[in-house]
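[1] below is the structure, and that's it, no one-letter string:
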């Protein structure tokens, strides 16, 4: 079997296993809907490839996913390099997302965090800060969830050991989340 065939087989198996997350994904969609319908915003964060996913997910809500509709407030907490480097210098890298949650989140907002390892200290700190402020949160996790598991209001855990396959599964979950939410959002 070629490398590509192996990757397709592994990805297909991981994607099929996502059916176990249908109920929590529906719950996540309801949380996002409640947040956006009530005029609040999404704050989204992650490290490395998950940082790109955070920006991608924020764009799907702020621009549009499929249908032409009004923009909804969604901020990627990974998109401000100047802020992030200042916080790393002044407070340490573990605080880059928590400081933004503290400064930007208000009652009714929703934090969406992404970590394929479950061991991103800055992601766990953001979730801890959200909890301290009474902000609901959703965490997309991989592997066994690491020390981040259980910090969010709702976890969506994609169990596995291959980061690439976990990221592929997360991407499918993000897109289905967008589908579930967009079909129920007011268009204008």
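    Perfect, I can see it now. Note that this is a predicted model, so its numbers are computed, not measured. Residues are numbered from 1 along each chain as shown.

[2] test my guess that residue 117 contacts residue 145.
    No - under the criterion of Cβ atoms under 8 Å, residue 117 lies out of contact with residue 145, with a separation of 9.2 Å. For every residue, glycine as well, the C-beta is placed using N, CA and C.

[3] buried stuff in the top helix by length along the chain?
    Looking only at the chain and at elements set by DSSP state H, the helix with the highest residue count is helix 163-182. In terms of neighbour count (16 or more other Cβ atoms under 10 Å), helix 163-182 has its buried residues at 165-170, 173-174, 176-178, 180-182.

[4] tell me the mean pLDDT over that helix?
    The average of the pLDDT scores along helix 163-182 is 97.

[5] what about the strands in the protein?
    Taking DSSP state E as the test, the strands found in the chain are 42-46, 74-76, 110-115, 136-142, 154-158.

[6] now mean pLDDT, mean neighbour count and distance to residue 67 too, for those strands, in CSV please.
    CSV is the format used below for those (pLDDT from 0 to 100; neighbours: other Cβ atoms under 10 Å; distance: least, Cβ to Cβ, whole Å):
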stretch, mean pLDDT, mean neighbour count, distance to residue 67
strand 42-46, 98, 28, 18
strand 74-76, 97, 22, 16
strand 110-115, 98, 28, 21
strand 136-142, 98, 26, 23
strand 154-158, 98, 21, 24
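
[7] and the closest residue to residue 134 other than its chain neighbours, how far from residue 127?
    Using Cβ to Cβ, 6 or more residues apart in numbering and skipping residues adjacent in sequence, the residue nearest residue 134 is residue 107, 6.6 Å away. Between residue 107 and residue 127 the computed distance is 17 Å (Cβ to Cβ, to the nearest Å).
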